[in-house]
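>>> here are the coordinates; sequence isn't available:
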């Protein structure tokens, strides 16, 4: 099963998408509830670590050749596009958060966890979407 590059690509996109969704959920819950820690703060980090472990173990189990095929030029092009999208989205968060804090709509204690989790989601979600679009 893991001998197909498509399988590794799906594992990577699903796990990265799930991690991005958890980060987006955390930020959304913090924004809606007004609580800087709407769920245990270790959950987004645990999803990130689990994603790294799952991707690494699946690549090791598939073998070097299959792993290289799953990380080909097309993957790198999609990854670079996701990085660019994530960069600009994350960069836009800072002036937006500054504006909300200047208007006393959001406190610094609330803005930091929201911006931190959305910064990760800004890369992970486009990465998953770009991968799913091409399958």
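Thanks, I have the structure now. Everything numeric here is computed off the predicted structure, so don't read it as measured data.
>>> Where do the helices of the protein begin and end?
5-33, 42-62, 64-70, 73-102, 108-133 (DSSP state H).
>>> mind putting the ones you listed in JSON lines, mean neighbour count and mean pLDDT included?
For every residue, glycine as well, the C-beta is placed using N, CA and C. Shown next, in JSON lines, are the helices of the chain (neighbours: other C-beta atoms under 10 Å; pLDDT from 0 to 100):
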{"stretch": "helix 5-33", "mean neighbour count": "19", "mean pLDDT": "92"}
{"stretch": "helix 42-62", "mean neighbour count": "15", "mean pLDDT": "93"}
{"stretch": "helix 64-70", "mean neighbour count": "15", "mean pLDDT": "86"}
{"stretch": "helix 73-102", "mean neighbour count": "14", "mean pLDDT": "93"}
{"stretch": "helix 108-133", "mean neighbour count": "19", "mean pLDDT": "92"}
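>>> mind listing what residue 118 touches?
Listed by C-beta atoms under 8 Å, 6 or more residues apart in numbering, the contact set of residue 118 reads 23-24, 27, 89-90, 93.
>>> do that again at 10 Å, thanks
Each residue near residue 118 by C-beta atoms under 10 Å, 6 or more residues apart in numbering is listed here: 20, 23-24, 26-28, 30-31, 86, 89-90, 92-93, 96-97, 125.
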